[in-house]
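Participant: Got a predicted model here, sequence first, then my questions.
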Amino acid sequence: MKRYLFCKLSLGITLAFIFASCGDDDSPQLDDDSSISAFVFESLDPDVEGTISGTNITATVPNATDVTSLAPTITIADKAKVAPASGLAQDFSSPVKYMVTAEDASQSTYTVTVTVKDAPKLMASAVWEKTLANGGLPSWFTANGERDLAVSGTLLYVTNNNDKIQILSAADGSIQTSAGSGTGANKGFLDGKQNFASGNLRLANVGIDNNGVIVGSNLRVGDGTNPWNVYNWDSNTSNQELLFSYTPAQGVRMGDNMTIVGSVTGEGFIYAAGHGTRKIFRFGIAGGTVNTTPAEITLQNNDITALGNAPDVNPVSDASDANIIVTGTEIGLSEYTSAGVLVGTLPDALNAGDTAPLFAFALDVKPFELSNRKVIATTATDFTGGNNADGGWLYLIDYTDGWENLTNGNIIRMAFTPNGNIDTNLNGTGGVDVVVNNAGDQATVYAIISNFGIAAYNISFDNL
């Protein structure tokens, strides 16, 4: 009897255990994952991925991003839900909360904070300076005789005394006596009056083509008879040759500045602004031959009758239809299309204080791209004190966000003259050239201002 009761009790316990186990199998475990594993703004270029720390998500987006309508891509567990939904645009000008509900109905609340980067800021530091403001003038400077410069590789070429080209080290501005076609006292020079000596100034400009050919020109006040000459030197030890001549019309001055694009021995262009007109002259080069009948770009701006003094033009790229940056005392600093249609100009609000010389006497101008932003380097002098310039500066202008949005915060200037400078620049002349590194994130700007000095500066952007 006892054995029977024991067996019956054991059987009951076993059956109860089996039934309990079967009951567990009929109630599957629900997922309790209510986390966000990724939060990305894929509409931005490049993508911006939020940083997740606990239930806080932070993201920093590029400057000028419209954060009032950003649609994030949110990654959560397969069986979870998030509100607001992934892909739904939200206003992130203030923190946004996201509720994630797991399969088992448990919830987590995430707070997303989006920060807009500060505007990229131009930064400049001196590589070397030989200016009245810092270090004094080089001994080879002459009165009103140094008007332009160009850089190629390790060498810097500077017009000197209006009749030759001084060859310097780009690294430190020292004279390179191992270069040049001259001998003795002329070592370190290229002779600018060796042949074809002509013009109101024999040598006013210098440029370098894509193959390292050195190009220069005289300054010609047009009388309808005498030529504007453009010269070339095949290397820094070559003799001067005549590339081509062009006879300006009566009253049209050529050669205040000149820009070389492409190759003078292959395909390219030479740009020059016509003083006394509102025309830009573009000489095409094909197969190493210059078309001496230039295309004439008339600036379609009824507010001006002429470019004014010290006019310059420089295209923003090598393309034949590239926009052009134009300067002159009548137009300040402006951008036009290749057909002469105004794109933008310096805002009138900047025609005061530190930036006023850009309107009065902006000189040589060089546009370039740096860290995917659009920058202009230009020299400028101040003629407000009389007939001679008594101040000179290099200006660097970030115009990426549009001419109409330019403020003093987009412009920095490097002084070539101290306050209270008593030296003067009769012509208000100067030149600039730029070399951008292979990565495209740093540039070296070289600048010269007659009677005020020569210098090199490293340029980059902060807050990118």
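Facilitator: Structure received.
Participant: And the helices in the protein?
Facilitator: Assignment of helices within the chain using DSSP state H yields the ranges 2-25, 357-361.
Participant: Those: lowest mean pLDDT?
Facilitator: For the helices of the chain, the weakest mean pLDDT is recorded on helix 2-25, namely a mean of 46.
Participant: residues contacting V432?
Facilitator: 149, 363-366, 377-379, 394, 445-448 (Cβ atoms under 8 Å, 6 or more residues apart in numbering). Placement of C-beta: from N, CA and C, glycine included.
Participant: could these be laid out in CSV, adding pLDDT?
Facilitator: Listed next are the contacts of V432 as CSV, based on pLDDT from 0 to 100:
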residue, pLDDT
L149, 97
L363, 85
D364, 93
V365, 96
K366, 97
A377, 98
T378, 97
T379, 95
L394, 97
V445, 98
Y446, 98
A447, 98
I448, 97
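Participant: Inside strands: which ones of these?
Facilitator: Residues of those located in strands (DSSP state E): 149, 363-366, 377-379, 394, 445-448.
Participant: where do the strands sit along the stretch 151-300 of the chain?
Facilitator: For the stretch 151-300 of the chain, the strands defined by DSSP state E, counting those that start in this stretch occupy 155-160, 164-169, 189-191, 201-208, 214-221, 228-233, 241-246, 253-254, 259-262, 268-273, 279-286, 289-290, 295-298.
Participant: Give me the buried stretch members for the second one, please.
Facilitator: By neighbour count with 16 or more other Cβ atoms under 10 Å, strand 164-169 contains the buried residues 164-168.
Participant: Closest one of those residues to A415?
Facilitator: The nearest member of the buried residues of strand 164-169 to A415, counting by Cβ to Cβ, is L168 at 21.2 Å.
Participant: and the gap between the closest one and L155?
Facilitator: In this view, L168 and L155 are 7 Å apart by Cβ to Cβ, to the nearest Å.
Participant: For those two, list the residues in contact with both.
Facilitator: Shared contacts of L168 and L155 (Cβ under 8 Å, 6+ apart): Q176.
Participant: sorry, back to before: could I get the contacts of V432 in CSV, plus columns for distance to G328?
Facilitator: CSV is the format used below for those (distance: Cβ to Cβ, whole Å):
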residue, distance to G328
L149, 20
L363, 10
D364, 12
V365, 10
K366, 16
A377, 17
T378, 12
T379, 14
L394, 18
V445, 21
Y446, 22
A447, 19
I448, 19
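Participant: Can you tell me the closest non-neighbouring residue to A124?
Facilitator: Y457 (4.9 Å; Cβ to Cβ, 6 or more residues apart in numbering).
Participant: Surely the one you found touches T131?
Facilitator: No - Y457 lies out of contact with T131 (Cβ atoms under 8 Å); the separation is 11.2 Å.
Participant: out of those two, which sits in the more crowded spot?
Facilitator: Neighbour count, other Cβ atoms under 10 Å: between Y457 and T131, T131 has more, with 25 against 21.
Participant: Contact partners for that one?
Facilitator: So T131 contacts 137, 415-417, 449, 452-455 (Cβ under 8 Å, 6+ apart).
Participant: Hmm, E267 and A286 touching each other?
Facilitator: Yes - counting by Cβ under 8 Å, E267 is a contact partner of A286 at 6.0 Å.
Participant: So between these two, which is more surrounded?
Facilitator: Neighbours per residue (other Cβ under 10 Å) separate A286 from E267, with E267 holding more: 16 against 10.
Participant: For that one, give me its contacts.
Facilitator: The contact partners of E267, by Cβ under 8 Å, 6+ apart, come to 285-287.
Participant: let's go with 10 Å and repeat that
Facilitator: By Cβ atoms under 10 Å, 6 or more residues apart in numbering, the residues touching E267 are 210, 261, 284-288, 318, 320.
Participant: repeat for I376
Facilitator: Counted by Cβ under 10 Å, 6+ apart, I376 has contacts 314, 316, 325, 327, 333, 335, 358, 362, 365-368, 395-399, 411, 432, 434.
Participant: Mind doing that once more with 8 Å?
Facilitator: 325, 333, 365-368, 395-397, 399.
Participant: cool, and A380?
Facilitator: 357-358, 360-363, 392-393, 395, 430.
Participant: now do D163
Facilitator: So D163 contacts 191-193, 197, 202-203 (Cβ under 8 Å, 6+ apart).
Participant: With V290 as the reference, measure out to the residue nearest the centre of the chain.
Facilitator: The centroid of the chain falls nearest to V375 when counting by Cα atoms, centre = their mean (2.8 Å). As judged by Cβ to Cβ, V375 and V290 stand 30 Å apart.
Participant: And for I260?
Facilitator: From I260 to V290 the distance is 11 Å (Cβ to Cβ).
Participant: In terms of neighbours, single out the busier of those two.
Facilitator: I260 (23 against 19).
Participant: so the more buried one touches S217, yeah?
Facilitator: No - with contact defined as Cβ under 8 Å, I260 and S217 do not form a contacting pair (10.1 Å).
Participant: Can you say which of the contacts of E267 are buried?
Facilitator: Applying 16+ other Cβ under 10 Å to these flags 210, 261, 284-285 as buried.
Participant: circling back to that earlier point, please tabulate the contacts of A380 in JSON lines, including the columns distance to P46.
Facilitator: Converted to JSON lines, these look like this (distance: Cβ to Cβ, whole Å):
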{"residue": "P357", "distance to P46": "39"}
{"residue": "L358", "distance to P46": "35"}
{"residue": "A360", "distance to P46": "42"}
{"residue": "F361", "distance to P46": "42"}
{"residue": "A362", "distance to P46": "36"}
{"residue": "L363", "distance to P46": "39"}
{"residue": "G392", "distance to P46": "41"}
{"residue": "W393", "distance to P46": "37"}
{"residue": "Y395", "distance to P46": "32"}
{"residue": "G430", "distance to P46": "40"}
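Participant: Just send the residues you listed back as CSV, with neighbour count and distance to L346 too.
Facilitator: Formatted as CSV, the contacts of A380 follow (neighbours: other Cβ atoms under 10 Å; distance: Cβ to Cβ, whole Å):
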residue, neighbour count, distance to L346
P357, 25, 11
L358, 23, 6
A360, 19, 11
F361, 28, 13
A362, 30, 9
L363, 33, 15
G392, 32, 18
W393, 24, 15
Y395, 23, 10
G430, 33, 18
